[in-house]
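Undergrad: Pasting the sequence and the predicted coordinates here, then a few questions.
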Amino acid sequence: MQKRWLPLLLALALLAGCRSATPSASKLTPTPAPAAPSPTATPLPGTLIISDAAIASQLSFAFVRANDVWVGLHGAAPQQVTHLGLPAQPLDWHLIWSADQATLLATESNDFSTGAFQGESWIIRLPEQAVTPLLDAATLTAGCTISCGWLGGRYLVHADATQVGSHAQIYHIYDIQTQRDLSTSLDSEVITEWQVHGSSLYFTPYNVNVENSPGIIKRFDLSSNQITTVFTVPGPLVSEGIPSGNWDLSADGRRAVMSFAFGITQHCSVGQCMTFYQDATGKVDVLFPSYQPSTNKGNALTIGASISPDGRYAAGLAASGASIVSNPTYSLIQQAIPSGSELENEIPNSTQKHDDWVLGWTSQGILVQQVERDTQDNPLATSIFFAPVASAATAHLVETIQAGLVVFAPLG
């Protein structure tokens, strides 16, 4: 599935109060006891708190509040960009950023699980905040409940809603100018994982591999409507019909990192996990050798490796601690490609209740997105941490948005 996101942004209102003191009526008046400190006010939903303005200025984000879309661009406080007048009932929302951070697709749906699908989609142009509804886009909206993303600035990739609940999906290309699906060679492919670079969609085809068969990554080129194999990788990406490995590509699509999990894929360190780098010539190098289960350290990457847009660095998240299943501590692991030293960046407060970890990149380093959840697993706030490349410094907080699930614009 589409992995590059990211990644949002600025404006603090600092509230300070001052107390006036009343002179005592007499020198014999007892000195009053100091007042107890006032509790810190709970931030309002949507509040943005920035700790690193330089990094925050590179990030843009969106979220939904009361069934309207809010957007924060390049360090600015989030603003409400839609006034849709929808009912107050909870809806299933999906926000998808274009690669240039200039366009946002917003879809809402309800009653999809019952088969009585209803939903709408809008194109939001930024920064002008122009909102255009997509008419008769039920197929697109339904597909986005599974997975969708931008292919260039005019087209959207979306799943076929008939494949809901499957390990793999068929995908179609939607033209937002003509507001209809195109007929392409992609229509006959069944896909487990994909991502877009420019006008090309790279994907893992679905098949039932035996455990030791190599996986492949294919490329669909929109301009030629051709599909070619670009990587034959050192391990299976699908095992017995279930995705068992993930991958990430550099911006030019010529360099890849891959993480494989055989056996118990949900707990990678219990099975067998390996992480590799491969270039367009087919040369393969092992990444993160200390984070393979066969080593003394015994840790594997909990979130598979991500590659920087320029293809020079790889990063992943590893879990450790006495309660590694119920209460792990997470660290960012990075390495220069192909054979640099492994570096570990501590992530502050990573033992709190978090989920939805995502990695991203700026020109200076690596971003880690955390979603903090309450005891009922409801999202409370989203935080972004930053760690410079080629450094073992502790990751530091960039910003926190009090808005549950936040979708960041892609970087790189």
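TA: On my side now, so go ahead. Residues are numbered from 1 along each chain as shown.
Undergrad: Any chance you could list what contacts the lengthiest helix in the chain?
TA: Counting residues, the longest helix found in the chain (DSSP state H) is helix 138-144. With Cβ atoms under 8 Å, 6 or more residues apart in numbering as the test, helix 138-144 has contacts from 94, 96, 105, 107-109, 112, 117, 119-121, 134, 148, 156, 158-161, 171-172, 174, 181. In short, each C-beta sits where N, CA and C put it, glycine included.
Undergrad: Show me the beta-bridge partners of Q335.
TA: For Q335, the residues forming beta bridges with it (DSSP bridges) are A314.
Undergrad: any idea how far S290 is from it?
TA: Here the criterion is Cβ to Cβ, to the nearest Å. By it, Q335 lies 10 Å from S290.
Undergrad: Now the common contact residues for those two.
TA: Common neighbours of Q335 and S290, using Cβ under 8 Å, 6+ apart, are E342.
Undergrad: So between the two, which is more surrounded?
TA: Comparing Q335 with S290 by other Cβ atoms under 10 Å, the one with more neighbours is Q335, at 25 against 14.
Undergrad: Quick check: the gap between the more buried one and W150.
TA: 30 Å.
Undergrad: Same question for I50.
TA: Relative to W150, I50 is positioned 27 Å away (Cβ to Cβ).
Undergrad: try V407
TA: V407 is 13 Å from W150, by Cβ to Cβ.
Undergrad: Quickly list what's touching both of those two.
TA: What both V407 and W150 touch, as defined by Cβ under 8 Å, 6+ apart, is the set I96, W97.
Undergrad: Looking at the two, which one has more neighbours?
TA: Applying other Cβ under 10 Å to V407 and W150 shows that V407 carries more neighbours, namely 25 against 21.
Undergrad: follow-up on the earlier one: check the contacts of helix 138-144 for burial and list the buried ones.
TA: When these are checked for burial by 16 or more other Cβ atoms under 10 Å, the buried set is 94, 96, 105, 107-109, 112, 117, 119-121, 134, 148, 156, 158-161, 171-172, 174, 181.
Undergrad: So which of the residues you listed belong to strands?
TA: Using DSSP state E, the subset of those located in strands is 94, 96, 105, 107-109, 119-121, 134, 148, 156, 158-159, 171-172, 174, 181.
Undergrad: So what pairs up with W361 in the strands?
TA: Applying DSSP bridges, one finds that W361 bridges with I366.
Undergrad: repeat for L134
TA: Assigned bridge partners for L134, using DSSP bridges, are S121.
Undergrad: what's the burial count for the closest residue to A319 other than its chain neighbours?
TA: With Cβ to Cβ, 6 or more residues apart in numbering as the criterion, A319 has its nearest non-adjacent residue at 3.7 Å, and that residue is P328. Other residues near P328 come to 18 when the count uses other Cβ under 10 Å.
Undergrad: Look up how far S223 lies from P328.
TA: For P328 relative to S223 (Cβ to Cβ), the value is 45 Å.
Undergrad: so where's this structure shaky on pLDDT?
TA: Counting by pLDDT under 70, the chain contains low-confidence residues at 1-43, 111-117, 163-165, 208-213, 239-241, 261-273, 293-300, 321-327, 351-356, 412.
Undergrad: ok, S188 - contacts?
TA: I170.
Undergrad: Quick check on it: phi, psi?
TA: Note on S188: its backbone torsions stand at phi -100, psi 0 [degrees, to the nearest 10].
Undergrad: check contacts around S200.
TA: By Cβ under 8 Å, 6+ apart, S200 lies in contact with R219, F220, D221, L222, G253.
Undergrad: Number of residues surrounding V286?
TA: A total of 13 residues lie near V286 under the criterion other Cβ under 10 Å.
Undergrad: so it bridges to which residues?
TA: F276.
Undergrad: same question, F61
TA: Beta-bridge partners, per DSSP bridges, of F61: G72, F408.
Undergrad: Look at it and say how many residues are nearby.
TA: Other residues lying near F61 total 28 when counted by other Cβ under 10 Å.
Undergrad: what does G245 give?
TA: Around G245 there are 26 residues (other Cβ under 10 Å).
Undergrad: what do you get for P87?
TA: 8.
Undergrad: three-state assignment of it?
TA: coil (DSSP: H, G, I helix; E, B strand; the rest coil).
Undergrad: T145 versus that one, what's the distance?
TA: 18 Å.
Undergrad: what sits against the residue lying closest to V190 once chain neighbours are set aside?
TA: Closest residue to V190 apart from its sequence neighbours, by Cβ to Cβ, 6+ apart: Y206 at 4.0 Å. Applying Cβ under 8 Å, 6+ apart to Y206 gives the contacts H167, A168, V190, I191, T192, V238, G241.
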